[in-house]
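Asks: structure of the sequence below:
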Amino acid sequence: TAVTLHQFMGYYKRQPDAFFEYQFFKRFNTNVVAVSKTSAEMTKKAFQLKTLPKVIYNGVAIPDIALAKEYLNRPTEQYSVFYFGSIRERKGIAIACQVFNAIIEDFPDASFHVMGNNNNDYWNIHARPILTAKALERTTYYGAIPNDTVNDYLKKAHVVLFPSFGENFSIALLEVMALGKIVVTSSIPAFKEIIIPNKNGFIANDELEYVKHLENIFKNDCPVEEISKHAILTIKNRFEIAHIIQQNITYYKSLL
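Replies: Below you'll find the model as predicted:
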């Protein structure tokens, strides 16, 4: 919600949205559903709810290609670093740019691929100028990609970065993991609900840790293939859309 994004994550407060959210929760403050434990706790505190909202995660479908026996995390584009999300400060695009500046020094064949909606031309005004000349030569900005073609781009990724400062939950992260891709995320609570470090992905606390994880992945100093398999298993066991739909049905039936 606008209130929790502002109060707990530092996002700009959209006053009209916040007003109506407060009015809504005054009228409807029981049987509230949240998309994560993090979101449930923030919502309870922000709107002074008497009970913790019910947690039902968002879900995604696992693409057929990720279930094929011959499909492993063999990157179509070696040493490719992807950023998949809105281009804005709170999503961590600046961190991603700084990390790639460091990576290109040791891996001159690395490439940086940026996909996402360009909020207020943030890419050209703020993010792109961060990149060094060497990094910029190896960078491609695609803009917003239609949902039905996103996987065509992501399946080329070697590593996908999620350096966000705050999330209630991240469908984008689930979509990438469903492809068996290696992810490196920030250490925010919503990501910690999904990522088991060194098992189904990696968590970084600062820019140096992002760089170190990328170096280890590119040098095969970590079990990339096993992490890829566990990423898909995480989606299959916890976030597969069919299971999530059933959870919703069961919960709403319990309220009748």
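Asks: now do the strands in the stretch 1-150 of the chain.
Replies: 33-34, 54-55, 80-84, 111-115, 139-143 (DSSP state E, counting those that start in this stretch).
Asks: the stretch 151-256 of the chain too?
Replies: Using DSSP E, counting those that start in this stretch, strands in the stretch 151-256 of the chain cover 159-162, 182-186, 202-204.
Asks: any idea which of the ones you listed is most buried?
Replies: Greatest average neighbour count among these goes to strand 159-162 (a mean of 27), per mean count of other C-beta atoms under 10 Å. The C-beta positions use only the backbone N, C-alpha and C, and glycine is treated the same way.
Asks: give me the residue at the spatial middle of this protein.
Replies: With distances taken as C-alpha atoms, centre = their mean, residue 173 lies nearest the centre of the chain, 3.4 Å away.
Asks: quick one: that one and residue 161 touch, right?
Replies: No: between residue 173 and residue 161 there is no contact under C-beta atoms under 8 Å: 10.6 Å.
Asks: overlap in contacts, the two.
Replies: Both residue 173 and residue 161 are in contact with 183, 185, where contact means C-beta atoms under 8 Å, 6 or more residues apart in numbering.
Asks: sorry, back to before: now the strands of the stretch 151-256 of the chain in JSON lines, with distance to residue 250 and mean pLDDT?
Replies: What follows is the strands of the stretch 151-256 of the chain, written out as JSON lines (distance: least, C-beta to C-beta, whole Å; pLDDT from 0 to 100):
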{"stretch": "strand 159-162", "distance to residue 250": "30", "mean pLDDT": "98"}
{"stretch": "strand 182-186", "distance to residue 250": "30", "mean pLDDT": "97"}
{"stretch": "strand 202-204", "distance to residue 250": "32", "mean pLDDT": "98"}
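Asks: mind putting these into TSV with distance to residue 94?
Replies: Shown next, in TSV, are these (distance: least, C-beta to C-beta, whole Å):
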stretch	distance to residue 94
strand 159-162	12
strand 182-186	12
strand 202-204	14
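Asks: and of the ones you listed, who's closest to residue 29?
Replies: Closest to residue 29 of the strands of the stretch 151-256 of the chain, according to C-beta to C-beta: strand 182-186, at 31.2 Å.
Asks: what's that closest one packed up against?
Replies: strand 159-162, helix 171-178, strand 202-204, helix 207-218, helix 224-234 (3 or more C-beta pairs under 8 Å, 6 or more residues apart in numbering; DSSP states H and E).
Asks: tell me the most buried of the ones you listed?
Replies: By mean count of other C-beta under 10 Å, these have strand 159-162 as the most buried, with a mean of 27.
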